[in-house]
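Asks: sharing a model that was predicted from the sequence below.
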Amino acid sequence: MGRLIAISNRTAADRGARAGGLAVAVWESLKSTGGVWFGWSGDIVEQPPQCARTLKDDGVEFVLTDLTADEHEQFYLQYANSVLWPVFHYRLDLATFSSEAFQVYTDVNQRIADLVTDRLCSGDTVWVHDYHFLLMGQAMRQSGWNGSIGFFLHIPFPPPEVFRALPEHQEIARAMCDYSIIGFQSDQDRCNFTRYLLEDCHGMTCGGGIYEAFGTTIKIETYPIGIDATGFADAAKTETAQDAADRIGRFLGGRKLVIGVDRMDYSKGLPERFKAVGQLFDEYPETHGRVSVTQIAPPSRSKVDGYRELRQTLDGLAGRINGDYGDLDWIPLRYLARSYDREELAGLFRIARVGLVTPLRDGMNLVCKEFIMAQDESDPGVLVLSEFAGAAEQLKDALLVNPHDTRNLAHVIHTALTMPLDERVHRWRALRSIVAEQDITWWRKTFLDDLNALKFTPV
Ligand code: GDG
């Protein structure tokens, strides 16, 4: 069997970066087959890089390229994060379209495709990740690679009505069809893409997830990403987890903990969540002094416009709630704009009565799965989950909510806080069995088995 070749913008070359879902999944796959991982070094340079850096760790080879300052600005900050990220999260209002940025995005995809193709051997399995590299399949074909290429989109794919607003929608769809297989997080994302192919590209379905469009044959399937479920359950029982639980326990003083953990991103629905928390305290006075909400929100991509405003909005909302309701010995909403260790998070999840995961739109959302696995089976907390997270297709026993409906969200948080033990246990068992069964290994294996089983290559 050939090597596994992974391509993603960020890699796990830095050991500290191996905690996230993508990093763990790709890392495990590469270690088991002895593969190569291509991506950005994380460094920004003035002149175009003449060569890539390679390093080896545990049998995995990393091939890392720097980005020039212009590439970092146009490819990463602009096209990937200020066009594709908002559009794919249905936020046309936040997109700043730019044909210049698209040109640099195209060039970076081609530059990295050339770098990869030069180092490929026949029989290698190529697995490309995420929205930074939508054009990589086409770019690799142009570089001369004829073998199969798998692509997995970690974020949502919008409905055709939204996707069409992207000035380059046709070029992007055309390029995506040069992949042999495209994996989406949810059936909804998959259907959005296939509907676009059928309606706008004269695409045809051949059954069994196989489509024809632009003269190529492509498999399009749903592969909901999972977590290292047993690893996370174990993390919640470590000493570090217990220490974190003890620390917050001293602050809680017996109050019920409601917890949220999200990168600070407008897709995560944090202002709406804070408003719902305000309404909880407005409408349910019995919660005063008895419930504490803690939101952990490590800042991310703070250089992208929109993130600074989000930070200010959250500061204002938290100030209003704590000003209205806080007391000498009670902070109703604690909002911590910093990151914590994975085991510390697991410990906090374990002692929380309610997990709030209410994105306005999310490809999958791993936090909700981590919250489930961290629970104590004899006294589990309740998951409140947005119906707009990809995970909602799997986790039907959570309390599903529309995060825009803040009044109802406040009501559902109250329902979660007062849910009797037998119902909590019943729901948690159902959720746990799905999260444990469809874990990260299941996801990786299902995708790679399908990719390796493909007997055709695009024409
Ligand atoms: C993208 C898609 C999809 C968060 N704060 C801290 C911390 N985290 C960890 C969480 C979780 C991960 O980061 C976040 O994963 P999510 O899935 O929730 O969200 P995105 O970062 O937006 O991920 C998403 C995912 O890709 C995978 O395909 O599910 O839809 O948007 O693991 O625990 N980890 C640590 N400290 C923190 O403060 N250590």
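Replies: Structure received.

Asks: close to the ligand: what parts of the protein are there?
Replies: Taking Cβ under 6 Å from any ligand atom as the criterion, the chain approaches the ligand at residues 19-22, 154-155, 225, 261, 263, 296, 298, 339-342, 345, 362-367, 370. C-beta: built from backbone N, CA, C; applies to glycine.

Asks: check those residues for burial and list the buried ones.
Replies: Neighbour-count burial within those applies to 21-22, 154-155, 225, 261, 263, 296, 340, 342, 345, 362-367, 370; the criterion is 16 or more other Cβ atoms under 10 Å.

Asks: contacts for the helix or strand bottoming out on mean pLDDT in the chain?
Replies: Within the chain, confidence by mean pLDDT, DSSP states H and E is lowest for helix 21-33 among all helices and strands, at a mean of 78. Residues outside helix 21-33 that contact it (Cβ atoms under 8 Å, 6 or more residues apart in numbering) are 1, 3-4, 6, 8, 10-12, 17-18, 35-37, 58-60, 127, 129-130, 154, 225, 227-228, 366, 440-441, 443-444, 448.

Asks: swap in stretch 189-203?
Replies: With Cβ under 8 Å, 6+ apart as the test, stretch 189-203 has contacts from 153, 156-160, 163-164, 169-170, 173-174, 176-177, 182, 184, 204-205, 211-214, 220-222, 363, 390.

Asks: these in strands, which ones?
Replies: Using DSSP state E, the subset of these located in strands is I182, F184, M204, T205, Y211, E212, A213, I220, E221, T222.

Asks: from P159, how far off is the residue of the chain most remote from its centre?
Replies: Distance from the centre of the chain peaks at L328, with 38.2 Å (Cα atoms, centre = their mean). Distance of L328 to P159, computed by Cβ to Cβ, to the nearest Å: 50 Å.

Asks: F97: how many residues sit nearby?
Replies: The tally of other residues near F97 (other Cβ atoms under 10 Å) stands at 16.

Asks: show me where the stretch 101-250 of the chain has its strands.
Replies: All strands of the stretch 101-250 of the chain, identified by DSSP state E, counting those that start in this stretch, fall at 125-129, 149-152, 181-184, 204-207, 210-213, 216-222.

Asks: can I get those in JSON lines with mean pLDDT and mean neighbour count?
Replies: Formatted as JSON lines, these follow (pLDDT from 0 to 100; neighbours: other Cβ atoms under 10 Å):
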{"stretch": "strand 125-129", "mean pLDDT": "96", "mean neighbour count": "25"}
{"stretch": "strand 149-152", "mean pLDDT": "98", "mean neighbour count": "26"}
{"stretch": "strand 181-184", "mean pLDDT": "98", "mean neighbour count": "26"}
{"stretch": "strand 204-207", "mean pLDDT": "95", "mean neighbour count": "11"}
{"stretch": "strand 210-213", "mean pLDDT": "96", "mean neighbour count": "19"}
{"stretch": "strand 216-222", "mean pLDDT": "97", "mean neighbour count": "20"}
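
Asks: who wins for proximity to R334 among those strands?
Replies: Set against R334 and scored by Cβ to Cβ, the strands of the stretch 101-250 of the chain come closest in strand 125-129, at 34.2 Å.

Asks: so R320 is in which element?
Replies: If you go by DSSP states H and E, R320 is part of helix 307-325.

Asks: quick one: contacts of that helix?
Replies: Under the contact criterion Cβ under 8 Å, 6+ apart, helix 307-325 has outside partners 264-266, 270-271, 274-275, 277-278, 281, 288, 295, 297, 299-302, 331-333, 335, 337.

Asks: remind me what the helix or strand following that helix packs against, helices and strands.
Replies: If you walk from helix 307-325 toward the C-terminus, the next helix or strand you reach (DSSP H and E) is strand 333-336. Judged by 3 or more Cβ pairs under 8 Å, 6 or more residues apart in numbering; DSSP states H and E, strand 333-336 is in contact with helix 270-283, strand 291-296, helix 307-325.

Asks: show me which residues of the host helix or strand of I413 are buried.
Replies: Element membership for I413, per DSSP H and E: helix 406-417. Using 16+ other Cβ under 10 Å as the test for burial, helix 406-417 gives T406, L409, A410, H411, V412, I413, H414, A416, L417.
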